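**Student:** Provided below for reference: sequence and predicted model.
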Amino acid sequence: MPDAAQRLTTLAEQLLGAELPLRLRAWDGSEYGPPNTPTLVIRHRRALRRILFRPGELGLARAWVAGEIDVEGDLYEALGAISGLVWERDDLPGPSLRDAPTRAAVRELVRLAGPFPPPPPPREEVRRRTGALHTKIRDRRAISHHYDVGNDFYELVLGPSMVYSCAYWESPDNTLEQAQRDKLELVCRKLDLTPGRRLLDVGCGWGSMAVHAAREHGVRVVGITLSREQATYARKRIAEEGLTDRIEIRVQDYRDVRDGPYDAISSIGMAEHVGSARYLEYARDLHALLKPGGRLLNHQIARRPLADESAYSIDEFIDAYVFPDGELSPVGSTVTQLETAGFEVRDVESIREHYALTLCRWVANLEANWPQAVRLSSPGRARVWRLYMAASAMAFRRNRIGVNQVLAVRTPVSGASGLPLRARTWKG
Ligand SMILES: C[S@@+](CC[C@H](N)C(=O)[O-])C[C@H]1O[C@@H](n2cnc3c(N)ncnc32)[C@H](O)[C@@H]1O
């Protein structure tokens, strides 16, 4: 009788119709598969039950959070191998459940997983996003879930720059702090910030953009966030920098900003929270908050468009464990919505590869401070973050998702956009 690792490998290969490019270690201590590759460790057969119960990323993620599966060796190599095998194949669908051998393999897998517990009580299913879902109260709760993990935890992961969005890598060998500074500076140049102008930073996080723009470009800034912890941190930092006369941080929803018009608006890593049903309203609100000729820089993660857009559903793992209610749209629909709201879209810069580099640095920071990260959050939460960030790095690297800076102008009726004939000012 072959041991569990060998049986599992054989079954997985039969079901996937391809060779497993990873080594496997099972709960009985047995190992099987190629040497010199990362090892997928299945510590408990409960992991199989979870995966069979909930096929797709969520079952896998739950087993990961519970510590029932793990990876030894290079996490990125393992994730790349798994996604190459499951999500990125052009020869799918593989073996069909109509085939007798496939059905037999599934039955054998169920046997191997052991007795199933009674089904869990019905839980709220992840719904398609509707306009009603992104209410101000719900958005505030979702933001709290994500950002009020504690500033100390974010400091460990993000490092001293405390910027939680894609950095800009002039060279991949730069430090994360330099790359984040370069990103903030790039945004300031795109927005043509000059002393005395007024900037609204929507989704200001821990205040990094506000501080950079006020200190380096002499602008007055209002930064808004839904997270109290972020606001407290940002205000302290602003006081330490001696910039309280130039920066105001508010705990405020973008839908409640009433003190326009502004000369410029930055929205960096915030619009992912808006939701497609509310996106046009968001674009209209920002448009109304700008002076004629004012610029918006919208820096946002995008997904690839689908042949059938109605088939889009939120990633269950991200929704359940990381980013409740976060939602991605293709860059084309962002541009269309901004134009519909009245903006003239002048520049779209894709910086997809930059996010893979950024995420790898965050993962490295987390790994280097692992015991402290676990103490500040919990073993499950720290594991979720490691997996989420490493998997996201892979997704950016492999073009499953992207990130774009969209520069849009509230061009006046005269057509005078105020932009240079060539974008030398920021492209160098
Ligand atoms: C990923 S963080 C980005 C923070 C910052 N821009 C940076 O690059 O570090 C997203 C920010 O958007 C804010 N946010 C999300 N929804 C918001 C809303 N409805 N109104 C105002 N801010 C919001 C969050 O509170 C958080 O500060």
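**Tutor:** Happy to help now that I have it. Residues are numbered from 1 along each chain as shown.

**Student:** residue boundaries of the helices in the stretch 201-350 of the chain?
**Tutor:** 208-217, 228-240, 279-288, 316-317, 331-340 (DSSP state H, counting those that start in this stretch).

**Student:** Just say which of those helices is most tucked in.
**Tutor:** Among the helices of the stretch 201-350 of the chain, judged by mean count of other Cβ atoms under 10 Å, the one packed with the most neighbours on average is helix 208-217 (a mean of 23). C-betas here are computed from N, CA, C, even on glycine.

**Student:** between that one and helix 228-240, what angle do the directions make?
**Tutor:** With axes from the mean of the first three to the mean of the last three Cα atoms, to 10 degrees applied, the angle from helix 208-217 to helix 228-240 works out at 20 degrees.

**Student:** any idea of the mean pLDDT for helix 208-217?
**Tutor:** Throughout helix 208-217, pLDDT has a mean value of 98.

**Student:** do the same with stretch 71-81
**Tutor:** On average, the pLDDT along stretch 71-81 is 90.

**Student:** ok so, going back, need the helices of the stretch 201-350 of the chain in a markdown table with distance to the ligand, can you?
**Tutor:** Shown next, in a markdown table, are these (distance: least, Cβ to the nearest ligand atom, whole Å):
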| stretch | distance to the ligand |
| --- | --- |
| helix 208-217 | 6 |
| helix 228-240 | 5 |
| helix 279-288 | 8 |
| helix 316-317 | 18 |
| helix 331-340 | 16 |
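
**Student:** How many residues are close by Leu79?
**Tutor:** The tally of other residues near Leu79 (other Cβ atoms under 10 Å) stands at 20.

**Student:** Can you check my assumption that it lies in a helix?
**Tutor:** Yes. Under DSSP: H, G, I helix; E, B strand; the rest coil, Leu79 sits within a helix.

**Student:** what's the spacing between it and the ligand?
**Tutor:** 22 Å (Cβ to the nearest ligand atom, to the nearest Å).

**Student:** And Leu40, by the same measure?
**Tutor:** Taking Cβ to the nearest ligand atom, one finds Leu40 at 31 Å from the ligand.

**Student:** Confirm for me that that residue is in contact with Arg23.
**Tutor:** Yes. In this structure, Leu40 is within contact of Arg23 by Cβ atoms under 8 Å, at 7.1 Å.

**Student:** which one of the two has more residues nearby?
**Tutor:** Leu40 (24 against 21).

**Student:** Quickly find the element holding the more buried one.
**Tutor:** strand 39-42 (DSSP states H and E).

**Student:** Which neighbours in the sheet does that strand have, and how are they oriented?
**Tutor:** strand 23-25 (parallel), strand 69-72 (antiparallel) (DSSP bridges).

**Student:** Need the distance between the two termini of stretch 275-283.
**Tutor:** Terminal residues of stretch 275-283 are spaced 12 Å apart (Cα to Cα, to the nearest Å).

**Student:** just to revisit the earlier point, please produce JSON lines containing the strands paired with strand 39-42, extended by distance to Arg54.
**Tutor:** Shown next, in JSON lines, are those (distance: least, Cβ to Cβ, whole Å):
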{"stretch": "strand 23-25", "distance to Arg54": "20"}
{"stretch": "strand 69-72", "distance to Arg54": "14"}
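
**Student:** how about the strands in the stretch 201-350 of the chain?
**Tutor:** Counting by DSSP state E, counting those that start in this stretch, one finds strands in the stretch 201-350 of the chain at the ranges 220-225, 247-251, 262-268, 290-303, 344-350.

**Student:** can I get those in CSV with mean neighbour count and mean pLDDT?
**Tutor:** Listed next are those as CSV, based on neighbours: other Cβ atoms under 10 Å; pLDDT from 0 to 100:
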stretch, mean neighbour count, mean pLDDT
strand 220-225, 24, 98
strand 247-251, 19, 98
strand 262-268, 25, 98
strand 290-303, 22, 97
strand 344-350, 15, 97
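
**Student:** Point out the one among these that comes closest to Ala395.
**Tutor:** strand 290-303 (9.2 Å; Cβ to Cβ).

**Student:** Flag every residue of the stretch 51-200 of the chain that's near the ligand.
**Tutor:** Contact residues (Cβ under 6 Å from any ligand atom) of the stretch 51-200 of the chain with the ligand: 139, 143, 147, 163-165.

**Student:** Keep only those of the residues you listed that are in strands.
**Tutor:** Using DSSP state E, the subset of those located in strands is empty.

**Student:** Go through those residues and give me the one with the most neighbours.
**Tutor:** Within those, most neighbours by other Cβ under 10 Å means Val163, with 25 neighbours.

**Student:** ok, that one to Val187 distance?
**Tutor:** Per Cβ to Cβ, to the nearest Å, Val163 is found 11 Å from Val187.

**Student:** which residues touch Tyr282?
**Tutor:** Tyr282 makes contact with 254, 271, 274, according to Cβ atoms under 8 Å, 6 or more residues apart in numbering.

**Student:** show me which of these neighbour the ligand.
**Tutor:** Okay, of the contacts of Tyr282 touching the ligand (Cβ under 6 Å from any ligand atom), that's Tyr254.

**Student:** Closest one of the contacts of Tyr282 to the ligand?
**Tutor:** Closest approach between the contacts of Tyr282 and the ligand, by Cβ to the nearest ligand atom: Tyr254, at 4.1 Å.

**Student:** Regarding the closest residue to Arg284 other than its chain neighbours, what are the backbone dihedral angles?
**Tutor:** Of all residues not flanking Arg284 in the chain, Ala341 sits nearest, at 4.5 Å (Cβ to Cβ, 6 or more residues apart in numbering). For Ala341, the backbone dihedrals are phi -70, psi -10 (criterion: degrees, to the nearest 10).

**Student:** that older thread, out of the residues of the stretch 51-200 of the chain next to the ligand, which one has the lowest pLDDT?
**Tutor:** Least confident of these in the model: Tyr147, at 67.

**Student:** what about the chain, any weak spots by pLDDT?
**Tutor:** 1-2, 55-57, 86-98, 117-133, 144-149, 316-325, 425, 428 (pLDDT under 70).

**Student:** what residues go with each domain of it?
**Tutor:** When the chain is parsed with automatic domain parsing, its domains come out as 4-113, 136-427.

**Student:** Can you report how many residues neighbour the residue lying closest to Leu306 once chain neighbours are set aside?
**Tutor:** Computed as Cβ to Cβ, 6+ apart, the closest residue to Leu306 that is not its neighbour in sequence is Tyr312, at 5.7 Å. Tyr312: 16 surrounding residues under other Cβ under 10 Å.
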